[in-house]
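# Predicted model and sequence follow; I will ask about them next.
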Amino acid sequence: MLVDLDQAGFGPKDGFNIENVKHYVDLFREIVVMSHTGYLEAHLDQYTREENLERSVRGRELMSLFFYHLYRKLIRNESERFQSGKNEK
């Protein structure tokens, strides 16, 4: 992905700080841990081991889509806010 970003014009040669990626990973890790902790606290004892495995795989896929769509929504909102001249958060 980093190579693709660089080739698309979003790399160090284009003024983008690649060190930000580490920051993104750290922040996203916090979100993943929070999400996983919530899953583990959600009455897993009421399901069989196989059901929990199936639920965890399904949940992981759904959360992946959720984060993808959430990013797209938030970046669109941020772009609109920037374009309208409202640069304050």
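Alright, I've got the coordinates.
# quick one, what contacts the one residue sitting closest to the centre of the chain?
The centre of the chain sits closest to Phe67, judged by CA atoms, centre = their mean, with a distance of 4.6 Å. With contacts defined as CB atoms under 8 Å, 6 or more residues apart in numbering, the neighbours of Phe67 are Ile31. Just so you know, the C-beta spots here come from the backbone N, C-alpha and C atoms, and that holds for glycine as well.
# Pull the distance from the helix or strand encompassing Thr37 to the chain's centre.
Element membership for Thr37 (DSSP states H and E) is helix 20-40. Using CA atoms, centre = their mean, to the nearest Å, the mean C-alpha position of helix 20-40 is found 8 Å from that of the whole chain.
# What residues of that helix count as buried?
Judged by neighbour count (16 or more other CB atoms under 10 Å), helix 20-40 contains no buried residues.
# So that it lines up with my notes, have the first residue be 57 from now on.
Fine by me, first position is 57 from now on; the one you just mentioned is helix 76-96.
# looking only at pLDDT, what's the mean for that helix?
Across helix 76-96, pLDDT averages out at 93.
# Who are the packing partners of that helix?
Judged by 3 or more CB pairs under 8 Å, 6 or more residues apart in numbering; DSSP states H and E, the packing partners of helix 76-96 are helix 105-139.
# What angle do helix 76-96 and the helix it packs on make with each other?
Relative orientation of helix 105-139 versus helix 76-96 (axes from the mean of the first three to the mean of the last three CA atoms, to 10 degrees): 140 degrees.
# Buried residues, helix 105-139. List them.
For helix 105-139, using 16+ other CB under 10 Å, the buried residues are 108, 115, 119.
# Surely the second one is in contact with His92?
Which is Gly115. No: using CB atoms under 8 Å, Gly115 is not in contact with His92; the gap is 9.5 Å.
# how about low-confidence regions in this structure?
143-145 (pLDDT under 70).
# quick one, phi/psi of Ala64?
Main-chain torsions, Ala64, degrees, to the nearest 10: phi -90, psi 0.
# From the buried residues of helix 105-139, pick the one nearest Leu83.
Met119 (15.6 Å; CB to CB).
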